[in-house]
Structure formats: C-alpha cells, structure tokens
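Peer 1: Sharing a sequence plus its predicted fold:
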Amino acid sequence: MQYVVSTHSFLLLIDFDDNWRILDMRTLDTGTHYGIALLSDSPPHFLAKHNHSDITAYRANGESILQDQAIRQDGNDQIHQMAYARGGLYIANTAFNSVTFQTLDGKTRHEYNFFDKRTDVNHVNSVFPCDDLLLVMLHNREKNSEIFVMEHDLQKGFKPREVIRLPHTGCHNVFIDGQHLYYCASSQRRFVVVNHRKRGLARDILFGGHTKGLSVTDNHVVLGVSQHARREARLSTRGQLAVLDRRNHAILTMVDLNIAGNVGNVNEIRCLSAPELAHTGDRQIANGLRSFSLVKAPSAVERLMVGLGLARARPAARTAAAVTSEIAQSEEASPDAGAAGAQPWS
C-alpha cells in the first residue's frame, strides 16, 4: 500500500505492508505542505501545494516519483485542500474566504466568496467535488462548523444549495458515501461519522491529538492525528496516522510517522495504490443531501443560565434558505474589513 502524506515539514511517500508497518518512507520535498490533488491513478500523478510556492506536479517514473512541473495559480493563498475534477482544480482558498475552480491552463477560473468576505473569516478549508456538486467545509472558528453543498456550473460558476450544521467547532475534511458523512472535529480531537439518512451521529471517536487529513478506500479510513500547537510550533510536532476499518469504524492501528524525527502536524493524506474515495465523490449521493442541523436545542437549565447572564445563548440553527438570504444581504453590504485579532487556527 502506498500513500502520499503532507505535513508541516515534509511531503512524504510511504509504503506499508498489509499490517500497516512502514516498509519505506521517502521525502519528496521539505517545508510545509497542505493540499494534494490526484490527476491519475496509474501511473500515480498528483499535485501538491507547498506553503511558499506554486502548486507542484509529481509523476511516477519507474520506482520513483519525481517533481514534474509547477502549476501557476493566481488569486489563491493559504490553500488548505484541493481536488482535481471536471478538468480543473477545486481549491479551498482559505485566505480569501472562498472556494475556487480553475483549469490547469488558467483559462477558466471561478471563485465564490462566502458571505462576500475577502479575508479569512470562516476559514474555508476542505473541498469534496461530486461532479457538478461540491461539498465545502467552513471551520467557522469558535462557532459551529458547517458543510455547504454548492452547485457548480462550468459557465456560470458557484451557487449555494444546502447547508449542514455540525455540533462541533474547528472542523476539517468532508467525505460522504451512501449512508455516512465523515469529518474531523479537529479542535476537539475527534473523528465523526454521521448517518446522513437518519440525520444523527453514528460514531464519535476521541483521539489523543488534533485530527486532520482524511483518506478513504474500500476497506480503510486513514486520518492524521497530531500534537496540536500554535502554527509556528507545528514544524516539529509529532504526527501519526490512525487506521480504521471502513465497515465498522473500529481503530485497527496507530502508525507512528516519527521514526527518523518529528514530521510535524499531518495536513493531508492520499492513497496512491488504490482508488482514493475521499478525493472526489458520487453526484447521486450528494444530490440527495438536504439541509439539516446536528446542533441540539438548549435545555431548560441552559435557557435559565442564559437568562441569568451565566452563559451565552447558542446560535440558532440555519436553514439553506436562511443562509442564502444572509449571503444575499451581505453581498449588498460593504465588504468586511477582516477578522482582526483572529487566532492562528489550523
């Protein structure tokens, strides 16, 4: 089994045996890396984003994987995740609070700024294209994270369609199959599985570190588990991979990546030796998603504490119609000056 993993210090190519023991771990590049987009499975051909350079292509050459060429990308910054589909890249354009689509030749580019903000207000961090539908994760800082379902017309651009409100804050990654929706509740050290048909939690697994980076194949789910630290310290933190059974979400093993020194926080994981299901998804499944909220209504005790000024009220759940209305109102207003004093979230 072969995976490519991006961390705060390396871009790694890792070979495993059938028991998830590391056979070989090679450094493809050094420095902070985030998104990895797969162009083809055989031979492996993928794009990776270094934090301080253009997107770089990597291509298999016999037993090796070599840097191929740089891909120019304009108008994007602090890219967290990207995926290749429909002839272009879907990009979580975090610094500009947007999602973008651009063809590799740069001739077509679409951008959608959430709530018409041009600074990192909602910390847009994950994309999961399903043909002409796109799931986008909004971290939302200290507020509940949300998953937007967007329509994408290759001529007209993006349009919000549905929104799913999560019961956790600080979330990354999104994947759906016929029954479940998966995400990392990163700041709360959890991996969460939602039954999107029944609109309830199926599994909520607590880990010993910051959860970010998600790979899904037919039999396995692999996610990153890292020591959480402020941004400047993430270069030297310890990173691990948690391997789960896809059928029952049981933890099979934890893989220590720090055999030759700390690799830093894990940011992205992609499988190269089997179909990577968490890269792009099925339109029919995404098309069945409707807006819902997993945020519980406040109890009588909570309402009393709010009334006495001893606690803050929970924000009300938002429907897709309410979100669309809010976006429309924000587009009529002047752009926000920015998230002054915002913490350096992952």
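Peer 2: Done, it's in.

Peer 1: C-alpha from now on. contacts and neighbour counts both.
Peer 2: OK.

Peer 1: what ranges do the strands span in the stretch 101-250 of the chain?
Peer 2: Counting by DSSP state E, counting those that start in this stretch, one finds strands in the stretch 101-250 of the chain at the ranges 109-113, 124-130, 133-138, 146-153, 157-165, 172-176, 180-185, 190-195, 200-206, 210-216, 220-226, 239-245.

Peer 1: Nearest to residue 268, out of these?
Peer 2: strand 210-216 (4.2 Å; Cα to Cα).

Peer 1: what angle sits between the closest one and strand 180-185?
Peer 2: Strand 210-216 and strand 180-185 are oriented at 150 degrees to each other (axes from the mean of the first three to the mean of the last three Cα atoms, to 10 degrees).

Peer 1: what's the average pLDDT for stretch 281-293?
Peer 2: Stretch 281-293 carries an average pLDDT of 97.

Peer 1: how far does it sit from the chain's center?
Peer 2: From the chain centre to the centre of stretch 281-293 is a distance of 17 Å (Cα atoms, centre = their mean, to the nearest Å).

Peer 1: re earlier: got CSV for the strands of the stretch 101-250 of the chain, with distance to residue 251 too?
Peer 2: Output for the strands of the stretch 101-250 of the chain, formatted as CSV (distance: least, Cα to Cα, whole Å):
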stretch, distance to residue 251
strand 109-113, 37
strand 124-130, 24
strand 133-138, 24
strand 146-153, 25
strand 157-165, 26
strand 172-176, 18
strand 180-185, 15
strand 190-195, 11
strand 200-206, 9
strand 210-216, 14
strand 220-226, 9
strand 239-245, 4
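
Peer 1: now those strands as TSV including distance to residue 277, mean pLDDT and mean neighbour count?
Peer 2: Below are the strands of the stretch 101-250 of the chain laid out as TSV (distance: least, Cα to Cα, whole Å; pLDDT from 0 to 100; neighbours: other Cα atoms under 10 Å):
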stretch	distance to residue 277	mean pLDDT	mean neighbour count
strand 109-113	25	96	19
strand 124-130	10	97	29
strand 133-138	14	98	26
strand 146-153	18	98	22
strand 157-165	21	97	20
strand 172-176	8	98	26
strand 180-185	12	98	23
strand 190-195	15	97	21
strand 200-206	19	96	15
strand 210-216	5	97	27
strand 220-226	10	97	25
strand 239-245	14	97	21
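
Peer 1: Give me the pLDDT value at the residue of the chain most remote from its centre.
Peer 2: For the chain, the residue at maximal distance from the C-alpha centroid (Cα atoms, centre = their mean) is residue 308, at 38.6 Å. Residue 308 is assigned 70 on the pLDDT scale.

Peer 1: likewise residue 297?
Peer 2: 71.

Peer 1: separation between it and residue 167?
Peer 2: Using Cα to Cα, to the nearest Å, residue 297 is found at 11 Å from residue 167.

Peer 1: These two: who's more crowded?
Peer 2: The neighbour comparison of residue 297 against residue 167 (other Cα atoms under 10 Å) goes to residue 167, with 16 against 13.

Peer 1: now the closest residue to the more buried one other than its chain neighbours: how far from residue 289?
Peer 2: Of all residues not flanking residue 167 in the chain, residue 295 sits nearest, at 4.7 Å (Cα to Cα, 6 or more residues apart in numbering). Relative to residue 289, residue 295 is positioned 17 Å away (Cα to Cα).

Peer 1: now residue 70
Peer 2: Taken as Cα to Cα, the span from residue 70 to residue 289 is 36 Å.

Peer 1: just residue 171 next, same as before
Peer 2: Distance from residue 171 to residue 289, counting by Cα to Cα: 19 Å.

Peer 1: circling back to that earlier point, contacts only, for the residue farthest from the centre of the chain.
Peer 2: Residues in contact with residue 308 (Cα atoms under 8 Å, 6 or more residues apart in numbering): none are found.

Peer 1: any idea how far residue 146 is from the residue nearest to residue 167?
Peer 2: For residue 295 relative to residue 146 (Cα to Cα), the value is 11 Å.

Peer 1: Need the overlap of contacts for the two.
Peer 2: In contact with both residue 295 and residue 146: 165, 166, using Cα under 8 Å, 6+ apart.

Peer 1: how about the closest residue to residue 262 other than its chain neighbours, what does it touch?
Peer 2: Distances taken as Cα to Cα, 6+ apart place residue 238 nearest to residue 262, at 5.0 Å, with adjacent residues excluded. By Cα under 8 Å, 6+ apart, residue 238 lies in contact with 226, 227, 257, 258, 262, 263, 264, 265.

Peer 1: how close does the fifth one get to residue 10?
Peer 2: If I follow you right, that is residue 262. According to Cα to Cα, residue 262 and residue 10 sit 10 Å apart.

Peer 1: mind listing the helices for this structure?
Peer 2: Here the chain has its helices, by DSSP state H, at 283-287, 300-307, 320-332.

Peer 1: Mind listing what's buried along the shortest one?
Peer 2: By 16 or more other Cα atoms under 10 Å, the buried positions in helix 283-287 come out as 286, 287.

Peer 1: coming back round to it: least confident of the helices of the chain, on average?
Peer 2: Looking at those, the bottom one is helix 320-332 with a mean of 51.

Peer 1: Which one's more surrounded, residue 262 and residue 10?
Peer 2: Neighbours per residue (other Cα under 10 Å) separate residue 262 from residue 10, with residue 10 holding more: 23 against 17.

Peer 1: Kindly list the main-chain dihedrals of the residue nearest to residue 262?
Peer 2: When read as degrees, to the nearest 10, the backbone of residue 238 gives phi -90, psi 140.

Peer 1: Having no further points to raise, I will conclude here.
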